[in-house]
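S.K.: Predicted coordinates and the sequence they were generated for:
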Amino acid sequence: MQSKIETLPEVIKRLANDDNLTSLSLTHIAVNPIPDPHYAGHFIYQYYDADLLLLAQALETNTTLKEFKVIDRGSSCKLQWTEAGAQAIGQALKNIPTLETVTINLQNLSLSGPEVMGFLECLNGNAQIKHLDFYFYCDDLASMNHLGALLMNNKSLESIYLQGKISSLNLAPLTFVDGLMESKSLRALTINYIQLGDDGVKKLATFLNQHPLKELTLNQCGFTGKATKDLLPALTHHCAIEVLNLSSNNLGDDGIQYLVNELPLLKNLTVLYLNSIGISSNGLDSLVTGLRTSNCSIKKLILDSNSVWVEDMNAIKKLIRNNLTLNSLSMNFCNLADGHVSELIPLFSDPNQCSLYGFTFVDNFDLESKTQQKILDAIRKNPNLLSFNPPGGTNPLLSDATKINRRKKTQQSQAAFVNACIVFAQIYYRVNPDNLSVFSASTFFPLELTLRIIMEASKGTLGMNEKAMKECATLIFENLALRRSLITSPGTYSSSDWWRKSTTVQGAPKTLFTAVKEIEHSKENIENPCTIM
């Protein structure tokens, strides 16, 4: 990896000799330093074409670099190169065989399109670039057309992040969208603040028909609900979309209805962002109706910055009540005041009706103290609520209440994981001494495959990483195997003979395994939660 700040000669030397140099940031190279007049002991670095040309020569022979970044560091840098310097770097990068990620984030007003676009010549070669993050502050027609042409030449991209000027009103040309058509391996596409308009989104829909995207963000792209009529059916073609963000576009009730119509077919969609779409009461009712269909799989819904009236709380209650799929609901800056919250308190207080893990509605005002007390009482009654962020500052009592709930949920989740592993192991080894002839899974399935199945089925286990889970499951299987050999051997045995090994394992597996007091009776429910040490 590159050190925080290195001189250009040091970087050039490392590019030639250091196989561990896999990430390089241009604006973290110390060149042409001058004292910073505002901060004693600090320097401002100046970047000219000559510096970029020297760096480009070193990059041409490099075969280890995986990531390259050019990031505007504000007043600590003076970016004074021209198109020639940027193109030299781009040309040098385009044939590095190991290069996977390129990030260009330059919002310096002194740089015009060619002085930024030149870096993207890296897309025009043999490098198998998988991830492109390009903050696209050059919104002139020529730059956008050029970007489309460069994207068209690269067929290895798996994720593209494009961000334009927030204030831009220039409509992106259709050739810009055409450039995306060639990215056959694309799985994630983010477009922020680039004005596609309805025609651009319709054009994009033809691209989506051919690509099984998993993530799509079209944030503030200047389209209306009319465009969603083509966009959303295109997403159902492969049914692969998992994350969809249509925020800050004027979808209107028509756009919401088009979304609702396609929701049953978006079977893998788990995260939906609909921030600031100007949703009406009727639109909210339609959305909730669609989200409560039997096929809807959305776990996280973000409705930030939409005006919601007290009367709309009936729709929100319908969304939450007995919804076992939705885990997280965000309504920040939706003007949810005391009256709104009071409508939801009875539902939040009932763990049998409210299964939400998290609810957030941060805003620029405070709730009354009596409303805050009602929230606190609701959280104490409902152990499902693990995160609750109301307007105003953090309430220590509220924070403590959600921490207690999270700790309980973690203990229950981990205890359930341990119990499931034990049941799997019993089936695998058939530990019953009187019935050893019964089917044993160990005859047909390798242990490694069985453990992989357990890991896949246990992704929702809280408070354990994959390594700890695998160690714990492996430990259980090893001890059950030992137990079986003791059962089939002459003589007597005690439980301590076969589970002693578990007490020598450090970390989470030891804590979880020893928390199950009687492993011999593991088919019974574990009433007491694990004690996390």
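M.R.: Thanks, I have the structure now. This structure is a prediction, so every number in the text was calculated from the model and none was measured.

S.K.: Can you report how many residues neighbour E311?
M.R.: 11 (other C-beta atoms under 10 Å). Quick note: C-beta positions are derived from backbone N, CA and C, even for glycine.

S.K.: Which residue, other than its chain neighbours, is closest to it?
M.R.: S281 (6.7 Å; C-beta to C-beta, 6 or more residues apart in numbering).

S.K.: tell me the contacts of V201?
M.R.: L218, C221, F223, A227, T228, D230, L231 (C-beta atoms under 8 Å, 6 or more residues apart in numbering).

S.K.: of all the residues you listed, which two lie farthest apart?
M.R.: The most widely separated members of the contacts of V201 are C221 and D230, with 13.9 Å between them, by C-beta to C-beta.

S.K.: the more surrounded of these two?
M.R.: C221 (24 against 18).

S.K.: Centre of the chain to the longest helix seen in the chain, how far?
M.R.: The longest helix of the chain (DSSP state H) is helix 396-429. Relative to the chain's own centre, helix 396-429 is displaced by 23 Å; criterion: C-alpha atoms, centre = their mean, to the nearest Å.

S.K.: likewise stretch 18-26?
M.R.: 26 Å.

S.K.: Give me the residues contacting that stretch.
M.R.: 1-2, 11, 14-15, 47, 52, 55, 64-71, 89, 98.

S.K.: What segments of the stretch 101-250 of the chain are helices?
M.R.: 113-117, 141-153, 174-178, 197-208, 225-235 (DSSP state H, counting those that start in this stretch).

S.K.: Relative to G463, which of those is closest?
M.R.: helix 225-235 (34.3 Å).

S.K.: what sits against the residue nearest to Q220 when sequence neighbours are not counted?
M.R.: The shortest distance from Q220 to any non-neighbouring residue, by C-beta to C-beta, 6+ apart, is to S248 (3.8 Å). S248 makes contacts with N219, Q220, N275, S276, I277, as judged by C-beta under 8 Å, 6+ apart.

S.K.: count of neighbours near the closest residue to L123 other than its chain neighbours?
M.R.: Nearest non-adjacent residue to L123, counting by C-beta to C-beta, 6+ apart: N154, 4.2 Å away. If you count neighbours by other C-beta under 10 Å, N154 ends up with 22.

S.K.: Quick check, T61 in contact with N17.
M.R.: No: here T61 lies out of contact with N17, judged by C-beta atoms under 8 Å, at a distance of 10.9 Å.

S.K.: May I have stretch 205-223 exported as CSV, CA atoms only?
M.R.: The C-alpha coordinates for stretch 205-223 follow below in CSV (Å, rounded to 0.1, in the frame of the first residue of the first chain):
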residue,chain,number,x,y,z
ALA,A,205,-34.4,0.7,-19.7
THR,A,206,-33.4,-1.0,-23.0
PHE,A,207,-29.9,-1.5,-21.4
LEU,A,208,-31.4,-3.0,-18.2
ASN,A,209,-33.4,-5.5,-20.2
GLN,A,210,-30.0,-7.1,-21.1
HIS,A,211,-28.2,-6.9,-17.8
PRO,A,212,-29.0,-8.6,-14.5
LEU,A,213,-28.1,-5.6,-12.3
LYS,A,214,-28.1,-6.1,-8.6
GLU,A,215,-27.9,-2.5,-7.6
LEU,A,216,-29.3,0.6,-9.4
THR,A,217,-29.3,4.2,-8.2
LEU,A,218,-30.8,7.0,-10.2
ASN,A,219,-30.6,9.9,-7.7
GLN,A,220,-31.8,13.3,-8.8
CYS,A,221,-31.6,12.4,-12.5
GLY,A,222,-34.4,14.7,-13.6
PHE,A,223,-37.0,12.1,-14.7
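
S.K.: from now on call the first residue 52
M.R.: Sounds good: first residue 52 from here, last item stretch 256-274.

S.K.: can you pull the buried residues of it?
M.R.: 256, 258-259, 262, 264-274 (16 or more other C-beta atoms under 10 Å).

S.K.: what stretches of the stretch 252-401 of the chain score poorly on pLDDT?
M.R.: 345 (pLDDT under 70).

S.K.: Do a quick rundown of the strands in it.
M.R.: Remark: strands assigned in the stretch 252-401 of the chain by DSSP state E, counting those that start in this stretch are 266-270, 294-296, 322-324, 351-353, 379-381.
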